[in-house]
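Colleague: A structural model of the following input is requested.
(one chain, ligands or ions: 1)
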Amino acid sequence: MAAAAGFGSNTYRNAAHRSSLKADNKSLAANQSFKSSPSSSSSSSSSFKSRSLQPRKSSPAALGGANGVARDGGGVPGRVRVAVRLRPCNAEELAADADFADCVELQPELKRLKLRKNNWDTDTYAFDEIFTEFASQKRVYEVVAKPVVESVLEGYNGTVMAYGQTGTGKTYTLGKLGEEDTAARGIMVRAMEDILGDISLETDSVSVSYLQLYMETIQDLLDPSNDNISIVEDPKTGDVSLPGASLVEVRDQQSFLELLQLGEAHRFAANTKLNTESSRSHAILMVNVKRYVKEKDPVQSMENGSNSHLARTFKAPVVRKGKLVVVDLAGSERIDKSVLHVAGSEGHTLEEAKSINLSLSALGKCINALAENSAHIPVRDSKLTRLLRDSFGGTARTSLVITIGPSPRHRGETMSTIMFGQRAMKVENMLKLKEEFDYKSLSRKLELQLDKLIAEHERQQKAFDDEIERIHAESEMQIAESERQYADALERERMKYQKEYMESIKKIEEQLVGDQRKHDSDSATVAQNDYYSNGEVSSISALKEVADLKKLLEKETLLKKAAEEELSNHKRQLYQSKLMEASATSEILKLRKLLEDESRQKDKLEGEISLLQSQLLQLSLDADERRRRLDRAGSGNDSNDLDCLMAQVKNPQLSDSENGEKASVAKLFEQVGLHKILSLLEADDVDVRIHAVKVVANLAAEEANQQKIVEAGGLMSLLNLLRSSDDETIHRVAAGAIANLAMNETNQELIMAQGGIRLLSTTATNAGDPQTLRMVAGAIANLCGNDKLQTMLRGEGGIKALLGMVHCGHPDVLAQVARGIANFAKCESRASAQGTKTGRSLLIEDGALPWIVQSANSEASAIRRHIELALCHLAQHEVNAKDMISGGALWELVRISRDCSREDIRTLAHRSLASSSTFKAELRRLRMDY
Ligand SMILES: Nc1ncnc2c1ncn2[C@@H]1O[C@H](COP(=O)(O)OP(=O)(O)OP(=O)(O)O)[C@@H](O)[C@H]1O
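Modeller: Alright, predicted model coming up:
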């Protein structure tokens with residue numbers, strides 16, 4: 001049996017880990033024995049080989065494989081430990097069996113029990129532990145159950161069970177709540193105390209199921225209406241699970257006690273119904289413990305070179321999942337007694353006794369077969385043995401308490417109970433660590449990181465853009481201000497010089513005029529003087545004139561100098577303004593450079609985001625490959641396309657050698673190829689399928705990719721996903737991709753030919769998420785717009801499917817439904833106009849009119865517009881008029897023709913009313929205008 005070998009998810013990953021496990025194993029081995037046992041029976045245990053309830057087959061995966069999968073293929077051998085507990089005498093026995101002490105004699109210090117055979121002879125039996133009637137509940141828990149609980153906390157499965165005759169204390173040992181006397185608490189309560197005390201409530205989790213097996217039917221003690229739960233066995237790992245059972249998370253002891261009380265009440269109610277005091281059912285408590293392994297590097301030994309970077313970058317958390325099963329078996333009395341006991345009572349009780357006996361004898365047979373090393377273990381004979389297949393000869397650590405009573409009247413039962421315990425002691429289990437990578441939480445962590453990075457980048461980008469804008473505006477203002485100041489100063493100077501120039505010109509002119517006048521009078525005087533003094537006066541006057549001119553020249557020179565200085569001042573100012581302008585320009589250049597750096601940084605971040613996405617994809621692929629390898633190891637060496645894909649994705653030579661790990665997702669897709677991405681849509685792992693369908697949907701959103709996807713068979717694969725998958729995320733994303741592909745006429749025909757309408761309808765029926773319905777409605781709405789497909793679409797239930805979705809009430813879904821109806825009505829009205837369609841609208845035939853009328857006044861404009869259009873199209877065909885009048889659509893048409901905010905729709909409504917004699921007659925009858 002490959003199952004019990006426990007390979008698959010239960011693997012060791014590296015040498016360091018293996019060595020730490022060895023340490024664990026030692027502690028396990030130390031814990032394994034209740035205490036050193038001198039008994040001959042127990043000493044024989046070491047010679048028994050590891051066995052399971054089914055013959056064990058060696059598996060290549062278990063013997064070692066890629067990625068450090070466990071190479072030893074096995075776990076820690078551990079024999080089933082068996083203790084005997086003697087119940088104290090009850091009042092009845094004290095009265096009736098004065099000689100009971102002679103029947104059973106306990107020798108706890110020798111771990112032996114003597115059972116009287118007859119008056120002369122006794123048989124001696126050795127066990128792992130002997131509990132006298134005085135043994136406390138605490139000691140029984142610590143010796144029998146505590147080591148099992150400790151190994152469950154370390155990630156192993158463990159079982160504690162009680163077997164014995166009715167009324168000998170099985171429930172007392174396992175299920176006693178001890179509400180009034182805490183010293184009386186049984187194994188279940190104490191085990192949960194230890195578990196809750198050891199785990200971290202922040203990271204780890206504990207959940208329980210509580211069931212009873214009665215007459216070969218498993219019932220949920222936490223939800224009695226759930227009364228036929230099936231057993232599921234994982235063919236790879238051999239793990240037994242009951243997915244139909246309620247699983248309640250426990251966070252404190254009080255809530256666990258309440259759960260046990262609830263279960264007890266339901267069990268008690270069932271027993272009362274059957275008119276019996278003792279438990280006729282087997283009660284099973286399952287406690288699942290999930291713990292995160294801290295401070296380990298579980299992937300450091302990944303030997304594959306291409307994985308080493310990933311291994312360093314992303315350490316998937318390792319979780320250990322231990323399961324504790326506590327089984328309170330029904331009373332083990334023999335059938336003859338049961339039959340005698342119930343003689344004359346109803347047949348049901350006999351059937352019940354047979355059923356209890358059947359399951360317990362099936363358990364006994366399996367234990368015998370295991371103890372005798374038999375080739376066939378009859379595990380399938382009863383539900384009890386199927387449930388416990390892991391506990392005897394499987395991968396769990398198992399302790400059995402056999403309970404006996406002291407009364408000599410039940411010597412036969414006591415004897416058979418003891419023999420059962422003796423045989424159970426010979427069964428050897430092979431403990432396996434239940435440890436696995438938690439890829440889901442890694443993926444969640446990476447997605448969160450990605451979101452944070454994107455948000456931070458967007459925030460920085462926005463702040464940077466704002467800053468650039470502010471600096472830019474500021475420098476523009478500064479430049480404008482200095483330009484304005486410069487122009488003002490220049491103007492002022494110009495005006496000043498002009499004024500001064502004009503003034504000096506004026507002065508010179510005045511001077512000249514004065515001089516001229518003087519000169520004229522001087523000339524007259526000179527002529528007189530010449531006449532009288534013969535030229536002396538003339539020479540004095542000339543000298544004076546020269547002196548005046550000199551003064552004037554000096555003054556002009558000074559003025560010129562001042563003007564030159566003024567000019568050079570202005571030149572300096574101009575130069576400084578230019579310097580300021582240059583510094584502003586260099587500031588702008590610097591800012592531009594900063595902007596370029598930031599956008600380079602942005603590109604880099606985008607590259608990193610792409611890398612993260614590609615690494616996420618690669619992780620998913622990696623996980624899938626590992627699972628496939630394990631599968632292949634179990635079923636032969638067939639390789640398949642997906643393996644090739646894994647190899648391609650992992651082959652470093654295929655990566656862009658320059659950009660190395662920074663190859664973008666697009667590059668990765670290019671390398672991997674569309675066919676291979678599409679092949680991932682059929683991957684076994686649902687996470688890989690989800691990832692792949694998202695990738696395909698993204699590609700399908702680009703019109704350029706749509707034809708390639710369809711040619712590569714992507715449309716068929718997406719339709720197949722709707723057909724075969726149960727996962728709603730897959731349905732939603734696949735329907736979205738189909739809706740995108742359904743925008744093209746050829747694809748619409750293909751979708752119809754492949755039974756797309758029925759698939760979409762079924763998807764809509766099973767959908768719980770409005771977004772899934774939106775995608776499905778969007779896809780059908782696109783198909784509704786194809787003139788050629790009208791009859792077929794309706795025949796396959798497309799209109800009904802659309803109408804079926806309106807119950808959801810979500811405005812996005814309703815808008816798509818309305819769009820589909822408008823598309824359909826438009827095609828119908830075209831066909832009617834061309835004369836290719838006669839008779840009533842198929843929309844009216846399929847009962848769409850009431851919803852159309854009801855939605856015509858919807859507040860959501862997307863819904864209202866489509867419905868208004870649909871009404872106008874329906875009204876264009878006279879044959880629909882009567883139905884429209886009786887359905888209240890005429891009022892809506894009149895309203896649309898008057899109030900619709902869109903002129904084209906108003907006109908269309910008006911035209912439809914005007915062209916129908918039936919509408920006109922009705923409006924006349926109602927004395928209404930339109
Ligand atoms: N070790 C013990 N010390 C004190 N009382 C005990 C002990 N074991 C059992 N009893 C008492 O004996 C009675 C029967 O015990 P219990 O119901 O646990 O038996 P059982 O084996 O589970 O029976 P059944 O198979 O019918 O369910 C109970 O009243 C219980 O309290």
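
Colleague: what residue in the stretch 701-850 of the chain comes nearest to the ligand?
Modeller: residue 726 (40.3 Å; C-beta to the nearest ligand atom). Heads up, the C-betas are built off the backbone N, CA and C, glycines and all.

Colleague: does that residue belong to a helix or a strand, and which?
Modeller: Here residue 726, judged by DSSP states H and E, is contained in no helix and no strand.

Colleague: what sits against it?
Modeller: Taking C-beta atoms under 8 Å, 6 or more residues apart in numbering as the definition of contact, residue 726 has no neighbours.

Colleague: go again with 10 Å.
Modeller: Contacts for residue 726 (C-beta atoms under 10 Å, 6 or more residues apart in numbering) come out as 686, 766.

Colleague: now swap in residue 160 and tell me
Modeller: The contact partners of residue 160, by C-beta under 10 Å, 6+ apart, come to 81, 141, 144-149, 152, 173-174, 187-188, 191, 285, 324-328, 391, 397-401.

Colleague: and residue 773, by the same measure?
Modeller: 732, 735, 763-764, 767, 804-808, 810, 812-814, 816-817.

Colleague: how near is residue 774 to residue 428?
Modeller: 58 Å (C-beta to C-beta, to the nearest Å).

Colleague: cool, residue 418 as well?
Modeller: Residue 418 is 20 Å from residue 428, by C-beta to C-beta.

Colleague: check residue 281 too.
Modeller: Residue 281 is 29 Å from residue 428, by C-beta to C-beta.

Colleague: ok, back up a step: who has more neighbours, residue 774 and residue 428?
Modeller: residue 774 (25 against 21; other C-beta atoms under 10 Å).

Colleague: ok, that one touching residue 814?
Modeller: Yes: between residue 774 and residue 814 there is a contact under C-beta atoms under 10 Å: 9.5 Å.

Colleague: find residues that contact each of the two.
Modeller: What both residue 774 and residue 814 touch, as defined by C-beta under 10 Å, 6+ apart, is the set 805, 808.

Colleague: out of the contacts of residue 773, which are buried?
Modeller: 732, 735, 763-764, 767, 804-806, 808, 810, 812-814, 816-817 (16 or more other C-beta atoms under 10 Å).

Colleague: near the ligand, which of these show up?
Modeller: Residues of the buried ones among the contacts of residue 773 in contact with the ligand (C-beta under 6 Å from any ligand atom): none.

Colleague: how about the residues of this structure near the ligand?
Modeller: By C-beta under 6 Å from any ligand atom, the part of the chain that sits against the ligand consists of 87-88, 164, 166-172, 278-279, 330-331, 403.

Colleague: run the last query once more with 8 Å
Modeller: Counting by C-beta under 8 Å from any ligand atom, the residues of the chain close to the ligand are 85-88, 90, 133, 135, 137, 162, 164-173, 175-176, 277-280, 328-331, 403.

Colleague: pull out the buried residues from the residues you listed.
Modeller: 85-87, 135, 137, 162, 164-173, 175-176, 279-280, 328-331, 403.

Colleague: just the ones of those residues in strands?
Modeller: 85, 86, 162, 164, 328, 403 (DSSP state E).

Colleague: any stretches of the stretch 651-800 of the chain with poor pLDDT?
Modeller: 651-671 (pLDDT under 70).

Colleague: what ranges do the strands span in it?
Modeller: Assigned by DSSP state E, counting those that start in this stretch, the stretch 651-800 of the chain shows no strands.

Colleague: now the stretch 201-350 of the chain
Modeller: Using DSSP E, counting those that start in this stretch, strands in the stretch 201-350 of the chain cover 205-214, 217-220, 232-233, 240-241, 248-249, 282-293, 318-328.

Colleague: between these, which gets nearest to residue 796?
Modeller: strand 232-233 (35.9 Å; C-beta to C-beta).

Colleague: for that closest one, the distance to its chain's centre please.
Modeller: 25 Å (C-alpha atoms, centre = their mean, to the nearest Å).

Colleague: state the mean pLDDT of it.
Modeller: Averaging pLDDT along strand 232-233 yields 89.

Colleague: other SSEs contacting the helix or strand where residue 456 lies?
Modeller: Using DSSP H and E, the element containing residue 456 is helix 439-533. Judged by 3 or more C-beta pairs under 10 Å, 6 or more residues apart in numbering; DSSP states H and E, helix 439-533 is in contact with helix 536-635, helix 686-700.

Colleague: the ones you listed into a markdown table, with extra columns for distance to residue 468 and mean neighbour count?
Modeller: Below are the helices and strands packed on helix 439-533 laid out as a markdown table (distance: least, C-beta to C-beta, whole Å; neighbours: other C-beta atoms under 10 Å):
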| stretch | distance to residue 468 | mean neighbour count |
| --- | --- | --- |
| helix 536-635 | 6 | 14 |
| helix 686-700 | 32 | 22 |
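
Colleague: worst average pLDDT in those?
Modeller: The lowest average pLDDT among the helices and strands packed on helix 439-533, as it happens, falls on helix 536-635, at a mean of 78.

Colleague: who are the packing partners of that one?
Modeller: By 3+ C-beta pairs under 10 Å, 6+ apart, helix 536-635 packs against helix 2-5, helix 60-63, helix 305-313, strand 435-437, helix 439-533, helix 641-650, helix 665-672, helix 686-700.

Colleague: what's the neighbour count on residue 701?
Modeller: Residue 701: 14 neighbours (other C-beta under 10 Å).

Colleague: what sits closest to the residue of the stretch 351-500 of the chain found nearest the ligand if chain neighbours are left out?
Modeller: Distances between the stretch 351-500 of the chain and the ligand by C-beta to the nearest ligand atom are smallest at residue 403, namely 5.7 Å. Using C-beta to C-beta, 6 or more residues apart in numbering and skipping residues adjacent in sequence, the residue nearest residue 403 is residue 164, 3.4 Å away.

Colleague: I'd say that neighbour and residue 405 touch.
Modeller: Yes: look at residue 164 against residue 405 with C-beta under 10 Å: they come within range, at 8.1 Å.

Colleague: OK, contacts around residue 464?
Modeller: Counting by C-beta under 10 Å, 6+ apart, residue 464 has contacts 594, 595, 597, 598, 599, 601, 602.

Colleague: any idea how far residue 386 is from residue 884?
Modeller: Taking C-beta to C-beta, one finds residue 884 at 64 Å from residue 386.

Colleague: neighbour count winner among the two?
Modeller: The residue with more neighbours, out of residue 884 and residue 386, is residue 884; 27 against 17, by other C-beta under 10 Å.

Colleague: could you check how far that one is from the ligand?
Modeller: 73 Å (C-beta to the nearest ligand atom, to the nearest Å).

Colleague: swap in residue 891?
Modeller: Taking C-beta to the nearest ligand atom, one finds residue 891 at 74 Å from the ligand.

Colleague: show me what contacts that residue?
Modeller: 853, 856, 884, 885, 926, 928.

Colleague: now for the residues you listed: which two are most distant?
Modeller: 856 and 926 (18.5 Å).

Colleague: more neighbours: which of the two?
Modeller: Counted by other C-beta under 10 Å, residue 856 and residue 926 do not tie: residue 856 has more neighbours, with 21 against 11.

Colleague: what number of residues lie near the closest residue in space to the more buried one that isn't next to it in sequence?
Modeller: Closest residue to residue 856 apart from its sequence neighbours, by C-beta to C-beta, 6+ apart: residue 892 at 4.3 Å. Per other C-beta under 10 Å, the neighbour tally for residue 892 reads 23.

Colleague: quick one on the thing from earlier: ok, what's across the strand from the residue of the stretch 351-500 of the chain closest to the ligand?
Modeller: residue 85, residue 164 (DSSP bridges).

Colleague: right, and it touches residue 332 too?
Modeller: Yes: assessed by C-beta under 10 Å, residue 403 is found in contact with residue 332 at 9.4 Å.

Colleague: shared neighbours of these two, anything?
Modeller: 163, 164, 165, 166, 168, 170, 417.

Colleague: would you map out the domains in the protein?
Modeller: With domains defined by automatic domain parsing, the chain comprises 2-289+320-436, 440-615.
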